[in-house]
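Chemist: Sharing a sequence plus its predicted fold:
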Amino acid sequence: MERSLKYMIAACLFVTLQVQGGDDPYAKARQRMLAAIQATVIDTRGETGREALAPRVMEAMGKVPRHEFVPDELDAVAYANRPLPVGHGQTISQPYIVALMTDLLDIDEDAVVLEIGTGSGYQAAVLGALVNRVYTMEIIEPLADSAKERLARLGYGNVEVKFADGYYGWPEKGPFDAIIVTAAANHIPPPLVEQLKPGGRLVVPVGERFAVQHLLLVHKLDEQRVQIRQILPVRFVPLTGGHG
Ligand code: SAH
């Protein structure tokens, strides 16, 4: 009797562990992704001045299910440290770039953040795991619609998606603690600097199409002054829209 009880307890434990382990088949891939991000952070420390990213940024990267944001056929490589296509000629950035840009925003949990270029919604989800409220804008309607549906399904209730040209920002929801642009502009969009709070940060890739672009960190010191730092050469899809 006692023996069979022990057996039952052992069997229950085994089943529980199996269920926990089987709960998230992507957990290991996500851990490997974090290690790859850290390795690239070290490789680029000369340019970025960073030996490591904020632990809470890495924690958010370790939580968001990236495989939910890529097409089904790319499931197996969802956590590779490289960009992936998300349809409509657009791409989801390399995890290292997502993590670095998020880190550069220097945001705390009370922050309100604007993203331009929702794409799959992955970057918005990473931000949503970190801050109070995220507003994200996308110029391709089907991408905006599918990101909206996906973010709601995955429980990111603090992320709001809008189908519109993000060059002009979202003044009704601003001013923002931080703004991130995930498409390359050929200049820093003045409306976005306008919609930043004093002390806020804007991270934006700037450069011509098919040429080297630079990731810029724009720190709005006060209403009159900004400080601009060039962080890293990057390659993004272009910011489109009617701003010429
Ligand atoms: N952040 C996304 C990837 C961005 S790809 C993710 O995590 O998946 C760049 C996106 O910017 C594309 O979806 C593109 O359609 C969008 N985009 C380009 N110009 C835009 C504009 N003016 N306003 C809003 N979105 C724009």
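Modeler: In hand now; what should we look at?
Chemist: surely Y96 meets P83?
Modeler: No: at 10.0 Å, Y96 does not count as touching P83 under the criterion of Cβ atoms under 8 Å. Backbone N, C-alpha and C define where each C-beta goes, glycine included.
Chemist: neighbour-wise, which of the two wins?
Modeler: Y96 (21 against 16; other Cβ atoms under 10 Å).
Chemist: Enumerate the residues of this structure near the ligand.
Modeler: 86, 90-93, 116-117, 119-120, 122-123, 137-140, 143, 165-167, 182-183, 237, 239-241 (Cβ under 6 Å from any ligand atom).
Chemist: Would you list the buried entries among these?
Modeler: For these, a burial check counting by 16 or more other Cβ atoms under 10 Å picks out 86, 90-93, 116-117, 119-120, 122-123, 137-140, 143, 166-167, 182-183, 237, 239, 241.
Chemist: Which pLDDT does the model give Y7?
Modeler: Y7 is assigned 54 on the pLDDT scale.
Chemist: Would you map the strands across this structure?
Modeler: Per DSSP state E, the chain carries strands over the ranges 84-87, 90-92, 112-116, 133-138, 159-163, 176-181, 196-206, 213-220, 226-234.
Chemist: how about the longest one: buried residues?
Modeler: Going by neighbour count (16+ other Cβ under 10 Å), the buried part of strand 196-206 is 196, 200-206.
Chemist: Please apply the same query to the first one.
Modeler: Under the neighbour-count criterion of 16+ other Cβ under 10 Å, strand 84-87 has 84, 86 buried.
Chemist: Restricting to C-alpha, output that strand in PDB.
Modeler: Only the C-alpha atoms of strand 84-87 are listed here, as PDB (Å, rounded to 0.1, in the frame of the first residue of the first chain):
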ATOM      1  CA  LEU A  84      13.300  37.600 -40.700                       C
ATOM      2  CA  PRO A  85      10.700  38.500 -43.300                       C
ATOM      3  CA  VAL A  86       7.200  39.200 -42.000                       C
ATOM      4  CA  GLY A  87       5.400  39.700 -45.300                       C
END
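Chemist: What pairs with it, parallel or antiparallel?
Modeler: Using DSSP bridges, strand 84-87 pairs in its sheet with strand 90-92 (antiparallel).
Chemist: what's the strand it pairs with in contact with?
Modeler: The contact list for strand 90-92, computed with Cβ atoms under 8 Å, 6 or more residues apart in numbering, reads 69-70, 83-86, 119-120, 122-123, 140, 143, 237.
Chemist: So for those residues, which is the shakiest by pLDDT?
Modeler: Lowest pLDDT of the contacts of strand 90-92: V86, 90.
Chemist: Report the contact partners of it.
Modeler: 69-71, 92, 119-120, 143.
Chemist: Tell me where the chain has helices.
Modeler: Per DSSP state H, the chain carries helices over the ranges 2-23, 27-43, 45-48, 55-63, 95-105, 122-128, 141-153, 190-194.
Chemist: and the ones you listed, which one is worst for confidence?
Modeler: Comparing mean pLDDT over the helices of the chain, the weakest stretch is helix 2-23, at a mean of 50.
Chemist: Report how many residues lie close to P191.
Modeler: Neighbours of P191 under the rule other Cβ under 10 Å: 14.
Chemist: wait, it sits on Y167?
Modeler: Yes: under the criterion of Cβ under 8 Å, P191 makes contact with Y167 at 6.8 Å.
Chemist: for the residue nearest to the spatial centre of the chain, what are its contacts?
Modeler: In the chain, the residue lying closest to the centroid (Cα atoms, centre = their mean) is Q123, at 2.1 Å. Neighbouring residues of Q123 by Cβ under 8 Å, 6+ apart: 92-93, 98, 101-102, 115, 117, 136, 180, 182.
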